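Trainee: Predicted structure and sequence below. I'll ask about it afterward.
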Amino acid sequence: MRRCLTVLTVMAVLACSGTSANTSTTGTPPTTVAAPTTTIAGTTTQPIPPTSNSTATVPATIAPADLTLESFPVPDGSGPHDVAPAADGGVWYTAQATGELGWLDPETGETRHTDLGPGSAPHGVIVDDAGTAWVTDSGLNAILSVDSSGQEVTIYPLPEERPDANLNTATFDGVGVLWFTGQNGIYGSLDPGSGEITVNDAPEGRGPYGVTTTPEGVVYYASLAGSHIARIEPDGSATVIEPPTPDQGARRVWSDSEGRIWVSEWNTGNLSRYTPDIDAWDTWPLPGENPETYAVFVDETDIVWASDFGSNSMVRFDSITEQFDTYALPHDPGNVRQILGRSGEVWFPESAADNLIVIRTAA
């Protein structure tokens, strides 16, 4: 596939922040860092028939025959970890291997990278209502905001007494506070208005990873090392909720429209659902041999999507019929570590192949 390289003279602006005991607020004036680069890359589009013999009955707008897959190469060596559809129609992605935040134009395949600074290793990215991208950066041990143009980067470092948190994922609660996780045993919050950061010890130590918010604004996170999920209470404490399968390795979580929490179980290859209203669990093993369920996402029609490292595939689950469809990835290995979407689109990165993919779920 032919690639053309174009270098733009867009400058990134970095604003540093001071810290106190458990808070961090924006302080020093902005300074200029290196310009990002833009790569023009080709795209490929193809229908994606299921690789499994599924008999799932699904809503007409997302019937298997209507699904198409479009593949977008990103600059070599990017190591895209997480994706988030941008407010301008583009797609943000964390280029974890290069310490940058990437932006893709799905219309042209053009990409732009914003340098996040020396030592950066961005993990997760989400987008707020204003179009600002928010990044959990384990290398910088900080939360970063990047404006919609990719030109201004603001760093909110964790307190000095909280080094090496191994930051992973973030979500906004019902009142606009950003909550984040760190695998080395913390979860915390950032008030975007004041810049104040609060960091809490996770109730069972190491493991906090995926995080989600229900339609009611309640935040849940998954603990990979702790093999549980937890609900964040109004006072900021976390209540542990144990899945029925021991040592399952709860990796990521996502809420559906009814506030039920879907869990990807890395160690067991299961997909589970927790229903808070009745404190009940349901569990389904992914199809195939030796599945490894990594990421989970619920789209706007409450269809559940998961990535399976074991079969190098994406899995689609209809909870009404309890049927799976499995779709092979374009590259082997693809290593899809996160899934996100917007209406009619499910986006995910092939971190091992420097590639982004969209499955269009509407004709």
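Mentor: Arrived safely, thanks for sending.

Trainee: Every contact and neighbour count from this point should use C-alpha atoms.
Mentor: Fine.

Trainee: need the strands for the stretch 151-300 of the chain, in chain order.
Mentor: 152-157, 167-172, 178-182, 186-190, 197-201, 208-213, 219-223, 228-232, 238-241, 250-255, 261-265, 270-275, 280-285, 293-298 (DSSP state E, counting those that start in this stretch).

Trainee: Contact partners for D235?
Mentor: Counting by CA atoms under 8 Å, 6 or more residues apart in numbering, D235 makes contact with nothing.

Trainee: Stretch 169-182: which residues count as buried?
Mentor: Neighbour counts over stretch 169-182 (16 or more other CA atoms under 10 Å) mark 169-173, 178-182 as buried.

Trainee: Pull the distance from that stretch to the chain's centre.
Mentor: 12 Å (CA atoms, centre = their mean, to the nearest Å).

Trainee: pLDDT on that stretch, on average?
Mentor: Mean pLDDT, computed over stretch 169-182, is 98.

Trainee: what about that stretch, how long is it end to end?
Mentor: From its first residue to its last, stretch 169-182 covers 8 Å (CA to CA, to the nearest Å).

Trainee: neighbouring contacts of it?
Mentor: Against stretch 169-182 from outside (CA under 8 Å, 6+ apart): 123-126, 128, 134-136, 165-168, 187-192, 207-213, 215-219, 221.

Trainee: and if we set it to 6 Å?
Mentor: Here stretch 169-182 makes contact (CA atoms under 6 Å, 6 or more residues apart in numbering) with 124, 165-168, 187-191, 208-210, 212-213, 217.

Trainee: what do you get for stretch 120-134?
Mentor: With CA under 6 Å, 6+ apart as the criterion, stretch 120-134 contacts 82, 84, 87, 94, 96, 99, 135-140, 144-148, 168-169.

Trainee: List buried residues within the contacts of stretch 169-182.
Mentor: Here, 16+ other CA under 10 Å leaves 124, 165-168, 187-191, 208-210, 212-213 buried among the contacts of stretch 169-182.

Trainee: Would you mind checking which of those is nearest to L329?
Mentor: The closest of these to L329 turns out to be G124 (CA to CA; 21.5 Å).

Trainee: Each with direction, which strands does whichever strand or helix holds the closest one pair with?
Mentor: G124 is located in strand 122-127, with elements delineated by DSSP states H and E. Next to strand 122-127 in the sheet, as set by DSSP bridges, lie strand 133-137 (antiparallel).

Trainee: sorry, back to before: how about CSV for the strands of the stretch 151-300 of the chain, with distance to P330 added?
Mentor: Shown next, in CSV, are the strands of the stretch 151-300 of the chain (distance: least, CA to CA, whole Å):
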stretch, distance to P330
strand 152-157, 33
strand 167-172, 26
strand 178-182, 31
strand 186-190, 35
strand 197-201, 40
strand 208-213, 25
strand 219-223, 29
strand 228-232, 32
strand 238-241, 37
strand 250-255, 23
strand 261-265, 22
strand 270-275, 23
strand 280-285, 23
strand 293-298, 17
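
Trainee: Can you show me the helices along the stretch 251-363 of the chain?
Mentor: Per DSSP state H, counting those that start in this stretch, the stretch 251-363 of the chain carries no helices over any range.

Trainee: so where's this protein uncertain?
Mentor: Within the chain, the ranges that satisfy pLDDT under 70 run 1-65, 363.

Trainee: Kind regards, and thank you for your time.
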